[in-house]
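J.: my questions are about this predicted structure, shown below with the sequence.
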Amino acid sequence: MASPKIVRWGILATGGIAQTFTVDLLADPTTRGVTHIKHTVVAAASSSSQHRAQAFLKDVGAPGDAKAYGSYEEFVGDANIDIVYIATPHSHHYQNAMLCLEAGKHVLCEKAFTVNAAQARALADKAKAKKLFLMEAVWTRYFPLSIYVREQITSGRIGPVARVFADNSMALDPEVSFGDGKHRMVNPELAGGALLDLGIYSLTWVFQTLYHTQPESSRQPPRVVAALKSYGATGAADETTTIVLAFPRPDEAGGEAHAIATTSLRIATTPGGNADTAGIRIQGPGGEIQVFPPAFRPTRTRLLLKDGSVEEKDWPQPGPGAGSGWYNGFGGSRNAEGEGHGMFWEADEAATAVVEGRKEGRYEGLAESILIMEVMDEVRKQGNLTYPEKIETTQYPTQL
Ligand SMILES: NC(=O)C1=CN([C@@H]2O[C@H](COP(=O)(O)OP(=O)(O)OC[C@H]3O[C@@H](n4cnc5c(N)ncnc54)[C@H](OP(=O)(O)O)[C@@H]3O)[C@@H](O)[C@H]2O)C=CC1
Ligand SMILES: O=C1OC[C@@H](O)[C@H](O)[C@H]1O
């Protein structure tokens, strides 16, 4: 058997999700049956201080010779880095990704990809011009659970998808949790709000079941109607957003399929946690696929068929085991024995693409990321939500 190819990662930013991602990244890939690649971390950068980057590398258990940088600009000059994982707030993705691409690095950039579609297009153009890999880190798309759901659809088990309900909402008690308005979840300067942070997952479920599963040659963008409720304390970020999408289905005579994508940072998909209520329902004439919350990291599905049969499945997330931490944006916990957080699957995809010379992710290419940003632009337009010009601009470099 050929020895695994080693892919060398640099981690840009040292906040909550950077920690979770890097711990998952360093988990032994053979625990999830991956033998063709191995990940290593060669550098991390913090915009606050080199000391912080050093502490981060120690906390995540990076190799002792990984380098700590106190500036992103210095970090991208490190010739040992193959690919950079960007884990800054949404507002900063465009400037940070441009910096990495300009420096000749492949990029895996956290969701939401950018603040708007114009920025996403500019990044895609830059990656193409530089012949570099670029992918939005929508980790959920790479879960075996998501692959299974898409396979149920493409193999025709429920017939052509006619309707999707997708919710990703959390009761975050925002006035208490984010009272001073500075937290990235509600701060307009950081492109805060439910839509870009949580709603992206509702749209992910709609797109990966209703759009991505259609033949590439005939997929068409949806019509969009949206209602957006502002968050009172800052008035310039959305608190609860509801989107109706109508997708043409050219593969069916006169066909059209509908979806409702909802998101909120005030009310939960299922109060009290994982109750027996599906947050995602994918419906066709032959049945329904249900996915249980949370929409960003589901571990349970149910398939209901027209003949009355039911198939329930659990989707455990293998990993480093007891003691490895995870973080969900607002707090952390510990994985159980033998459990990971599921972020390694997107990392495997990015590393595999780098090794193979592919420039985009398999389960969400750049055109689809751009289209989803266009949908979010339209939702914000209908809901009168704009962010400060310095974070909406495509001008690079811009001081944030
Ligand atoms: N896939 C997933 O499950 C999740 C994804 N995310 C995504 O990851 C990104 C980061 O979220 P999260 O880790 O929760 O955020 P944090 O606030 O915990 O971390 C963000 C980091 O970005 C860096 N940064 C640079 N400039 C700024 C700035 N002006 N304000 C704040 N931070 C700055 C800081 O690192 P430093 O000082 O080291 O430079 C900071 O620690 C977001 O895009 C979010 O949507 C978040 C949670 C879960
Ligand atoms: O991506 C995410 O998933 C988990 C959420 O808690 C977090 O806010 C979000 O950024």
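T.: Received it, and whenever you're ready, just let me know what you need. Ligands and ions are numbered 1, 2, ... in the order given.

J.: tally of neighbours for whichever residue of the chain sits closest to ligand 1?
T.: When scored by Cβ to the nearest ligand atom, the chain has residue 15 as its residue closest to ligand 1, at 1.8 Å. Where you see a C-beta, it was placed from the backbone N, CA and C, and this is true even at glycine. Residue 15 has 16 neighbours, counted by other Cβ atoms under 10 Å.

J.: distance of the residue lying closest to it once chain neighbours are set aside from residue 138?
T.: Excluding its sequence neighbours, the residue lying closest to residue 15 (Cβ to Cβ, 6 or more residues apart in numbering) is residue 87, at 6.1 Å. Distance of residue 87 to residue 138, computed by Cβ to Cβ, to the nearest Å: 14 Å.

J.: and if you look at residue 301?
T.: 18 Å.

J.: of those two, who's got more company?
T.: Higher neighbour count among residue 301 and residue 138: residue 138, with 26 against 22, using other Cβ under 10 Å.

J.: just the pLDDT for the more buried one.
T.: Residue 138 is assigned 98 on the pLDDT scale.

J.: for the residue located most distally from the centre of the chain, phi and psi?
T.: When distances are taken from the C-alpha mean of the chain, residue 307 lies farthest, 35.3 Å away, according to Cα atoms, centre = their mean. Per-residue torsions, residue 307: phi -80, psi 0 (degrees, to the nearest 10).

J.: now residue 284
T.: phi -140, psi 170.

J.: run through the bridge partners of it.
T.: residue 287 (DSSP bridges).

J.: so it touches residue 154, yeah?
T.: No. Assessed by Cβ atoms under 8 Å, residue 284 is found out of contact with residue 154, at 11.7 Å.

J.: more neighbours: which of the two?
T.: Of the pair residue 284 and residue 154, residue 284 is the one with more neighbours under other Cβ under 10 Å, namely 21 against 11.

J.: low pLDDT regions in the chain?
T.: 233-234, 253-254, 274, 320-334, 337 (pLDDT under 70).

J.: tell me the domain boundaries of it?
T.: 1-139+317-365+390-400, 144-314 (automatic domain parsing).

J.: report the distance from the longest one to the chain centre.
T.: If you compare the mean C-alpha spot of domain 1-139+317-365+390-400 with that of the full chain, they lie 12 Å apart, counting by Cα atoms, centre = their mean, to the nearest Å.

J.: does the longest helix seen in the chain reach ligand 1?
T.: In the chain, assigned by DSSP state H, the helix with the most residues is helix 366-382. No. Counting by Cβ under 6 Å from any ligand atom, ligand 1 has no neighbours in helix 366-382; the shortest distance is 12.9 Å.

J.: list the contacts of the closest residue to ligand 2 within the stretch 151-300 of the chain.
T.: Minimum separation of the stretch 151-300 of the chain from ligand 2 (Cβ to the nearest ligand atom) falls at residue 296, amounting to 4.1 Å. Residues counted as contacts of residue 296 (Cβ atoms under 8 Å, 6 or more residues apart in numbering) are 139, 140, 168, 198, 201.

J.: how many residues are close by the closest residue in space to residue 115 that isn't next to it in sequence?
T.: For residue 115, ignoring the flanking residues on the chain, the nearest one in space by Cβ to Cβ, 6+ apart is residue 191 at 4.8 Å. Neighbour count for residue 191, taken as other Cβ under 10 Å: 25.

J.: now check the helix or strand hosting residue 18, is it near ligand 2?
T.: Assessed by DSSP states H and E, residue 18 sits inside helix 16-25. No. Counting by Cβ under 6 Å from any ligand atom, ligand 2 has no neighbours in helix 16-25; the shortest distance is 6.9 Å.

J.: against residue 42, how distant is residue 199?
T.: Residue 199 sits 34 Å away from residue 42, going by Cβ to Cβ.

J.: the two: who's more crowded?
T.: residue 199 (31 against 21).

J.: now do the SS call for the residue nearest to the more buried one when sequence neighbours are not counted.
T.: Ranked by Cβ to Cβ, 6+ apart and with sequence neighbours excluded, the top spatial neighbour of residue 199 is residue 263, at 3.5 Å. When classified by DSSP: H, G, I helix; E, B strand; the rest coil, residue 263 comes out as strand.

J.: any idea what residue 263 is bridged to?
T.: residue 168, residue 241.

J.: surely it touches residue 202?
T.: Yes. Between residue 263 and residue 202 a contact is recorded at 5.2 Å, counting by Cβ under 8 Å.

J.: identify the contacts common to those two.
T.: With Cβ under 8 Å, 6+ apart, residue 263 and residue 202 have common neighbours 167, 168.

J.: now do the helices in the chain.
T.: Going by DSSP H, the chain shows helices at 16-25, 50-59, 72-75, 90-102, 117-130, 144-154, 174-177, 194, 200-210, 344-356, 366-382, 389-392.

J.: ranking the ones you listed by mean neighbour count, which comes first?
T.: Compared across those, helix 194 shows the largest average neighbour count, a mean of 29 (mean count of other Cβ atoms under 10 Å).

J.: is there contact, residue-wise, from it to ligand 1?
T.: No. Helix 194 does not reach ligand 1 (Cβ under 6 Å from any ligand atom); its nearest approach is 11.5 Å.

J.: quick check: residues of the stretch 51-200 of the chain near ligand 2?
T.: residue 197.

J.: got the residues of the stretch 51-200 of the chain near ligand 1?
T.: Residues of the stretch 51-200 of the chain lying near ligand 1 (Cβ under 6 Å from any ligand atom): 52, 87, 88, 89, 90, 92, 110, 111, 139, 184, 190, 197.

J.: same thing but 5 Å
T.: The stretch 51-200 of the chain comes close to ligand 1 at residues 87, 88, 110, as judged by Cβ under 5 Å from any ligand atom.

J.: so can I have a markdown table of those showing distance to residue 340?
T.: Output for those, formatted as a markdown table (distance: Cβ to Cβ, whole Å):
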| residue | distance to residue 340 |
| --- | --- |
| 87 | 17 |
| 88 | 23 |
| 110 | 18 |
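
J.: just the ones of those in strands?
T.: Judged by DSSP state E, the subset of these located in strands is residue 110.
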